[in-house]
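Colleague: Let me see the structure of the following:
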Amino acid sequence: MAEKVNLTERVRRLQEFYLRHQRMPSYAEIARLLNLRSKNAVFRLVEKLRRLNILDKDATGRLIPKNLAAPIKLLGTVEAGFPSPAEEELLDRVSLDRWLVTNSAATFLLKVTGDSMSGAGILPGDTVLVDRAPAPKNGDIVIAEVDGAWTMKFFYKEGGKIVLRAANPKYPPIKPRRELKIGGVVTAVIRKYR
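Modeller: Numbering: from 1, shown residues only. Take a look at the predicted model:
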């Protein structure tokens, strides 16, 4: 029982560090933060937290958060059409990281410039969440390097050839002439209003 309280407090301290610095602590910082005297103790704790799905490591061994972000209350639904009565009811608690990211080691954010995807609701200044892992399917929005230049477009495979299409009619379809690299599939768009 004492270990469980101790682990909860350790997770809370790691969460505070992550929220304050917007990054995971290094192994040395974890040792100082949690008063752990040996590297082995830090490694054992990290492995335990990985088994609990609280954090993970990327391909380089750097720690990445999985469920360290503070969960937010999910209170129900809201009618975007005609107004309707609604009751505030706590349905769940949601971690945005956990909800939005399925593969944290392969996921990254990009800031959007340009208006070629405005018809898909992706506007200049938005941030998109991109997952490198999945193979793109027809209709996916992808980040692609086309003949040496990067862009974000709808992905289509037509007659064995790949065509990238904008969501704004003023941009023509792009057919790679020499080279096409898919950098990832867009999985979410984030827009801050304030």
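Colleague: helices and strands around the helix ranked longest in the chain, which ones?
Modeller: Ranked by residue count and defined by DSSP state H, the top helix of the chain is helix 2-21. Packing contacts for helix 2-21, counted by 3 or more Cβ pairs under 8 Å, 6 or more residues apart in numbering; DSSP states H and E, involve helix 27-34, helix 39-51. All C-beta atoms are positioned from the backbone trio N, CA, C, and that covers glycine.
Colleague: let's see it at 7 Å
Modeller: If you count contacts as 3 or more Cβ pairs under 7 Å, 6 or more residues apart in numbering; DSSP states H and E, helix 2-21 packs onto helix 27-34.
Colleague: got the contact list for the longest helix of the chain?
Modeller: Outside helix 2-21, the residues that touch it by Cβ atoms under 7 Å, 6 or more residues apart in numbering are 24-25, 33-34, 45, 54, 65, 68, 70.
Colleague: can you list the weak-confidence ranges in this structure?
Modeller: Judged by pLDDT under 70, the chain has its weakly predicted residues at 1-5, 69-72, 77, 84-91.
Colleague: follow-up on the earlier one: closest to Pro172 among the contacts of helix 2-21?
Modeller: Pro65 (40.8 Å; Cβ to Cβ).
Colleague: Count the neighbours of that closest one for me.
Modeller: Using other Cβ atoms under 10 Å, Pro65 is surrounded by 21 other residues.
Colleague: hey, C-alpha coordinates of the longest helix of the chain in PDB?
Modeller: Taking C-alpha atoms only, helix 2-21 is exported to PDB below (Å, rounded to 0.1, in the frame of the first residue of the first chain):
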ATOM      1  CA  ALA A   2       2.800   2.400   0.900                       C
ATOM      2  CA  GLU A   3       4.400   1.800  -2.600                       C
ATOM      3  CA  LYS A   4       1.200   2.700  -4.300                       C
ATOM      4  CA  VAL A   5       1.000   6.100  -2.500                       C
ATOM      5  CA  ASN A   6       4.600   6.600  -3.200                       C
ATOM      6  CA  LEU A   7       4.100   5.900  -6.900                       C
ATOM      7  CA  THR A   8       1.100   8.200  -7.100                       C
ATOM      8  CA  GLU A   9       3.200  11.000  -5.600                       C
ATOM      9  CA  ARG A  10       6.000  10.300  -8.100                       C
ATOM     10  CA  VAL A  11       3.600  10.400 -11.000                       C
ATOM     11  CA  ARG A  12       2.100  13.700  -9.600                       C
ATOM     12  CA  ARG A  13       5.600  15.200  -9.500                       C
ATOM     13  CA  LEU A  14       6.500  14.100 -13.000                       C
ATOM     14  CA  GLN A  15       3.100  15.500 -14.200                       C
ATOM     15  CA  GLU A  16       3.900  18.800 -12.500                       C
ATOM     16  CA  PHE A  17       7.300  18.900 -14.200                       C
ATOM     17  CA  TYR A  18       5.900  18.100 -17.600                       C
ATOM     18  CA  LEU A  19       3.100  20.700 -17.400                       C
ATOM     19  CA  ARG A  20       5.500  23.400 -16.100                       C
ATOM     20  CA  HIS A  21       8.400  22.700 -18.600                       C
END
